[in-house]
Every structure is written in structure tokens, then in C-alpha cells.
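**Student:** Requesting a structural model of the entry that follows:
(one chain, ligands or ions: 1)
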Amino acid sequence: MSAAGRHPLARLAFAAYEVLAMGLGLGMLAAICLAWTPLALPLYLLLPRTWGRRVGRLAIMASFRFYLWFLTVFCYCRFDLDEIDALRRDAPLIVVANHPSLLDAVILLSRFPNMVCVMKAALADNLLFGAGARLARYICNDVPLQVILRAREELRDGGQLLLFPEGTRTTRWPVNPLVGSAGLIAGRSGAPVQALLIEFSTPYLGKDWPLFRRPSLPLRVRVRVGRRFAPPKDVPVFTRELEQYFRDELSAASVHETSAECAAQPAPAAGTIS
Ligand SMILES: CCCCCCCCCCCCCCCC(=O)OC[C@@H](O)COP(=O)(O)O
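**Tutor:** Sure thing, here's the model as predicted:
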């Protein structure tokens, strides 16, 4: 249902729908997170740690799954995530993914019941995400040694660790230079590293996509299960190998546009993910 080539009025109506879908989508995410905050805070204080993180992670999975359903039904988004479900019971496991969009974490967290996420420290004080992230015992990325120790502890307890080794959303397509955290944690914990490849039809909510710029619908997102790496002995070598792997896989898929192209053409044809 591309708007291109249609009557100008139809195009205008579709653009209006895209704006509406954006408002609904962002509003629903805010509403879900805000509704959880007043519950998550007392649960964080009252529940023992193991119960708290269990409840916290299940609530995040369930809420984000509902959220993706909402985006599918009302906001013309299409998610192809079936491949991921095979990983759900593989623990301990370090899941690493490329990071094209703000939606990546929401998408991945919706499929794993016991996943602990390494996140930007600033998010821990965020009104929307802070309380939920604390209850789920997510790991702040501000003190590297703490990240490694906490990650190792969570993996030992049978958790699955999610981290985005680009450190921030992608700015140098197809993937930024990677930091060494995944290799370090894998080396220290003995857990394997599972690559996931995230592909968007347009870089919606990427680093160069303003929060209130309308999406180009349908937004298609596919997550592929990539290679699984054994815990490395040599972290720098592993990090280079992982980066090259992402580069090769994502270049081959070639579903994104560059940010510059995207800025020049606000309503591009949907990408090539089918
Ligand atoms: C139950 C209702 C849900 C309540 C909220 C639960 C908390 C969910 C926290 C999700 C936070 C996921 C953080 C993902 C990793 C991360 O930190 O990514 C940061 C980027 O994306 C943005 O970084 P940047 O590109 O540098 O702006």
C-alpha cells in the first residue's frame, strides 16, 4: 500500500495517517511505561531481588509484546521476529545486535522472558524507563568493571544478556565500530555470543531521525538469528571479527538508506525486506 503514484489527495490522507500512527505509537509506549512506574517502584523496594527481577522482566516482555501488537494493528508496522523464539531457552547467552533504531531494545525484549539489558546510564533516571529497568535489574553501562561483574552474575543465574556493542545507535552504516564489552564478558563468563541482525525498511528513530518526524509506512522490521561465537580468548581479535561479521551480513541485506538519503527524501519507498 505505497502512497507513491496515487492521487494527491490520497497521498495527503496517507501522510496524515502516518502522522496519526506516529502519535499513537509514541503515546502508547509512553502510556505503558508510565503506567508501570508506580507499580515497579514499590515492587523494587518490597520484593526480594530474585522475585523482583523475574516479575520485572516478565512484565517488560509482556508489555512490549502487547506494544508491538498495537503497532501492527493500528500503526501499519510489520515485525518478522519468528526466528528469535528458538533462542529463548538457550542460557546462559550473550545476545548482541546492531542498533539502527530506538525501537531495537523494545523489539528484542518482547521475545525473551529472562533478559537483562545493558543500557545507557542516563536511562536509569528516565521517568519512562527508570523504575522498570531497576526492577528488572538492568545493568547501567557507566562503570565498565561493574558491567562485567554484574553481567557475569546474571549469566551465572541463568539469564540472557542483551547488549548493543556499537555503544549507541548506528551512525556509520551498516554498523559503527564495536566496543569490546561482549568479548570481555564472554571471556570472563564462558557464555557464547549470539549475533542478531536487525533490519528496518527505513531508519525510523535512528540516530538521525527526529522523534517527531513521521515514519514512512509500512515500517517493516526483520530480526535474523546470526552466527553464534564461542567465548573468545583474544578480545580485540574477536571484536574485529564480530564487527566484520555484522558488516558483511548487513551490507548483503542492504535494506536501509543512508541518513543523508533519508533526509533528502522524507517518504522513500519501503525497503527490500519482504
Ligand atoms: C513494563 C513496562 C515497561 C517499563 C519500562 C521498562 C524499561 C525498559 C528499558 C529499556 C531500555 C533499553 C535500553 C537499551 C540499550 C540502550 O541503552 O540503548 C540506548 C539507545 O537506545 C539510545 O542511545 P543513543 O543512540 O546513544 O541515544
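
**Student:** Where do the strands of the stretch 51-200 of the chain begin and end?
**Tutor:** For the stretch 51-200 of the chain, the strands defined by DSSP state E, counting those that start in this stretch cover 77-80, 93-97, 115-119, 139-140, 160-163, 193-200.

**Student:** Sheet-wise, list the partners of the longest one with their directions.
**Tutor:** Using DSSP bridges, the strands paired with strand 193-200 are strand 93-97 (parallel), strand 219-229 (antiparallel).

**Student:** and the helix ranked longest in the chain, what's its mean pLDDT?
**Tutor:** Taking DSSP state H as the criterion, the chain has its longest helix at helix 8-46. Helix 8-46 shows a mean pLDDT of 97.

**Student:** what inclination does that helix have with respect to strand 219-229?
**Tutor:** Helix 8-46 runs at 50 degrees relative to strand 219-229, counting by axes from the mean of the first three to the mean of the last three CA atoms, to 10 degrees.

**Student:** and helix 8-46, does that touch the ligand?
**Tutor:** Yes: applying CB under 6 Å from any ligand atom, one finds helix 8-46 in contact with the ligand at 32-33, 36. (C-beta placed from N, C-alpha, C; glycine too.)

**Student:** Counting neighbours, which bits of that helix end up buried?
**Tutor:** 14-15, 18, 21-22, 25, 28-29, 32-33, 36, 40, 43-44 (16 or more other CB atoms under 10 Å).

**Student:** Would you mind listing what in the stretch 1-150 of the chain touches the ligand?
**Tutor:** 32-33, 36, 59-60, 63, 102, 105, 117, 119-120, 123, 129, 132-133.

**Student:** From those, list just the buried residues.
**Tutor:** 32-33, 36, 59-60, 63, 105, 117, 119, 123, 129, 132-133.

**Student:** For the ligand, what's the nearest residue on the stretch 1-150 of the chain?
**Tutor:** Gly132 (2.8 Å; CB to the nearest ligand atom).

**Student:** pretty sure that residue contacts Trp36?
**Tutor:** Yes: between Gly132 and Trp36 there is a contact at 5.2 Å, judged by CB atoms under 8 Å.

**Student:** Between the two, which contacts overlap?
**Tutor:** Taking CB atoms under 8 Å, 6 or more residues apart in numbering as the contact definition, Gly132 and Trp36 share the neighbouring residues Ala59.

**Student:** Now Thr202. Nearest residue, chain neighbours left out?
**Tutor:** Ser216 (4.8 Å; CB to CB, 6 or more residues apart in numbering).

**Student:** ok so, going back, most tightly surrounded among the strands paired with strand 193-200?
**Tutor:** Mean neighbour count, computed with mean count of other CB atoms under 10 Å, is highest for strand 93-97 among these, reaching a mean of 24.
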